[in-house]
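Student: pasting the sequence and the predicted coordinates here, then a few questions.
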Amino acid sequence: MNSIAKKLSFVLLTLFIVIGIILAFITRYASVQYNHEMTQRLNGSIAMYVAAEEQLIQNGQHNEAAIKKLAERAMVINPTVEVYLLDNEGRILSHNLPTGTALPDQIPLSQIKTFISEPEQRPILNLDPRSPQTEKAFSAAKVTFNGQDEGYVYAILGGQTYELLAKDISKNWVLKVALASIAAVLILTYLIGILMVNQLTKPLTHVTKKVRRFQQQMTGETPNNQKVGDEIKVLETAFQNMQRKIKQQVKQIQAADQNRRDLITNVSHDLRTPLASIQGYMDTLLIKKDQLDEKQRDYYLATASKHCIRLNQLVNDLFELSKLDSLVIQPKLESFSLSELMQDVSMEFKMLAQQRNVDLKIDLLDGNTEVRADIGLMQRVFENLINNAIKHTPKNGQVMLKLQQHNDRFKVIIQDTGRGISEKELPHIFDRLFQAENSSNHNQNSSGLGLAIVKKIMDLHHTKIKVISQLNRGTQFSFQLPVAA
């Protein structure tokens, strides 16, 4: 049974228990009132019979023997009757009870007078002298002498004998049957409630399972990580999680769209510049081919070739960045030696460093330096960072590659003594096509996409690249990779 069905079944059970208790009280009250009315209507004339047989009170004096005899006759008719003789104030003058029975001094007369004057009102209850805390059905009649009221005959129709008999019957049969019936009805109600609720909640449970599977696909959560609760709570949690995920994705799409617009704008300008230069030099060669000497022609061709190289690099970097953005490229994780990769990449740039009179140094670790990452993408990171460091470092400067270990991670540091980056430009260096104003290669063979590619590769490896820089003192890039297990 699903959790919401359990809760609804429990609510139904509780509701039926409460309703059962209320109905039991109503039924009991109605039954008692019905019994009082039936008893009073059937035996309401007993007091009148007793009062009419003999003169019970005469000039304020009551006939004790007569009341005893008539009370005994009344008990023959109804064994539960208890007869009392009252004066006009309600004081008990005589009765048919055993000697020494504790009785109140006075009986209220208001209900007795109502019984005599308004016989259509039934049941009418009044004080039971033997049980002053309870009211019972009674019969009453006036006692008169020579047209004067002398008192009342007051007969309780359900006396102590009736109470003892009723209690005995309740203990032996009625109560047991009633309790068994209530228990059977509650059990049956609970079972029917379970069946009904299960049928009603089946579609909700089916929808909940589908939503949880969809949530798992969208958010990557496993069922074990999801909060346990009833189906409605699970649906609410799932929709909230998916809402957050969708909002996040919409923001990412909007940001990516804005980046695409900015990129197209910047690329259009960056592509136009080398194309215009190439076309200009080639047109000059075509128009003035007979007027140019060999040295001039070589210069124009070399300049056009340089712009072709820059154009080709820009197109290649754009293509690579586009694949990284679209997640076409996914890291292929493997274990490799980080020291060996740094050593190999640094050798590629030895020639460039010598040409620019820059001292390229490496400070690596001995022993095992294996990490788990995509070796091809990490090589691209090193190439971009080392190339930038050398190109931004003036003559007689230095570029240092360091490898350090911090607990279960290796830290890579690429530091130069170049021109540095201003605080204003530092937050934007990973933006696409960004080039610092003091860049030595501005508008030359740089595409402006190298650091953007580095940042994207770091994101795919779930690690951050940090940069520290001061103008005219140099720049330091660093990132960390986990030790291979």
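Tutor: Yes, it's here.
Student: show me what the strand or helix carrying Ile453 is packed up against.
Tutor: Taking DSSP states H and E as the definition, Ile453 sits inside helix 450-460. If you count contacts as 3 or more Cβ pairs under 8 Å, 6 or more residues apart in numbering; DSSP states H and E, helix 450-460 packs onto helix 294-325, helix 375-391, strand 465-470. Just so you know, the C-beta spots here come from the backbone N, C-alpha and C atoms, and that holds for glycine as well.
Student: how about the helices in this protein?
Tutor: Using DSSP state H, the helices of the chain run over 3-43, 46-53, 64-77, 110-117, 160-169, 175-219, 231-287, 294-325, 338-348, 350-355, 375-391, 450-460.
Student: can you name the residues in contact with the helix holding Ile453?
Tutor: 317, 320-321, 324-325, 329-331, 374, 377-378, 380-381, 384-385, 387-388, 429-434, 464-465, 479 (Cβ atoms under 8 Å, 6 or more residues apart in numbering).
Student: if you set the cut-off to 7 Å instead, what comes out?
Tutor: Applying Cβ atoms under 7 Å, 6 or more residues apart in numbering, the external contacts of helix 450-460 come out as 317, 320-321, 324, 331, 377, 380-381, 384-385, 388, 429-432, 464-465, 479.
Student: just want the angle from that helix to helix 231-287.
Tutor: 160 degrees (axes from the mean of the first three to the mean of the last three Cα atoms, to 10 degrees).
Student: show the average pLDDT along the lengthiest strand in the chain.
Tutor: Longest strand in the chain, counting residues (DSSP state E): strand 131-145. When pLDDT is averaged along strand 131-145, the result is 87.
Student: can I get it in PDB, CA atoms only?
Tutor: Taking Å, rounded to 0.1, in the frame of the first residue of the first chain, the C-alpha atoms of strand 131-145 are listed here in PDB:
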ATOM      1  CA  SER A 131     -30.600   7.900  43.600                       C
ATOM      2  CA  PRO A 132     -30.700  11.700  44.000                       C
ATOM      3  CA  GLN A 133     -28.100  12.200  41.200                       C
ATOM      4  CA  THR A 134     -30.400  10.600  38.600                       C
ATOM      5  CA  GLU A 135     -33.700  11.400  37.100                       C
ATOM      6  CA  LYS A 136     -36.200   8.700  36.100                       C
ATOM      7  CA  ALA A 137     -39.700   8.200  34.600                       C
ATOM      8  CA  PHE A 138     -42.400   8.500  37.100                       C
ATOM      9  CA  SER A 139     -46.200   8.500  37.700                       C
ATOM     10  CA  ALA A 140     -48.000  11.000  39.800                       C
ATOM     11  CA  ALA A 141     -51.500  11.900  41.000                       C
ATOM     12  CA  LYS A 142     -53.100  14.400  43.400                       C
ATOM     13  CA  VAL A 143     -54.500  13.400  46.700                       C
ATOM     14  CA  THR A 144     -57.600  15.500  47.600                       C
ATOM     15  CA  PHE A 145     -60.100  15.600  50.500                       C
END
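Student: next, the buried residues of that strand.
Tutor: 135-143 (16 or more other Cβ atoms under 10 Å).
Student: what do you get for stretch 462-471?
Tutor: Quick answer for stretch 462-471 (16+ other Cβ under 10 Å): 465, 467, 469.
Student: just the CA atoms of it, as PDB, please.
Tutor: The C-alpha trace of stretch 462-471 is given here as PDB (Å, rounded to 0.1, in the frame of the first residue of the first chain):
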ATOM      1  CA  HIS A 462      35.300  20.000 -12.700                       C
ATOM      2  CA  THR A 463      38.300  22.100 -11.500                       C
ATOM      3  CA  LYS A 464      39.000  25.800 -11.300                       C
ATOM      4  CA  ILE A 465      41.800  27.700 -12.800                       C
ATOM      5  CA  LYS A 466      43.100  30.700 -10.800                       C
ATOM      6  CA  VAL A 467      45.100  33.700 -11.900                       C
ATOM      7  CA  ILE A 468      47.200  36.200  -9.900                       C
ATOM      8  CA  SER A 469      48.800  39.200 -11.700                       C
ATOM      9  CA  GLN A 470      50.400  42.500 -11.200                       C
ATOM     10  CA  LEU A 471      51.300  45.000 -13.800                       C
END
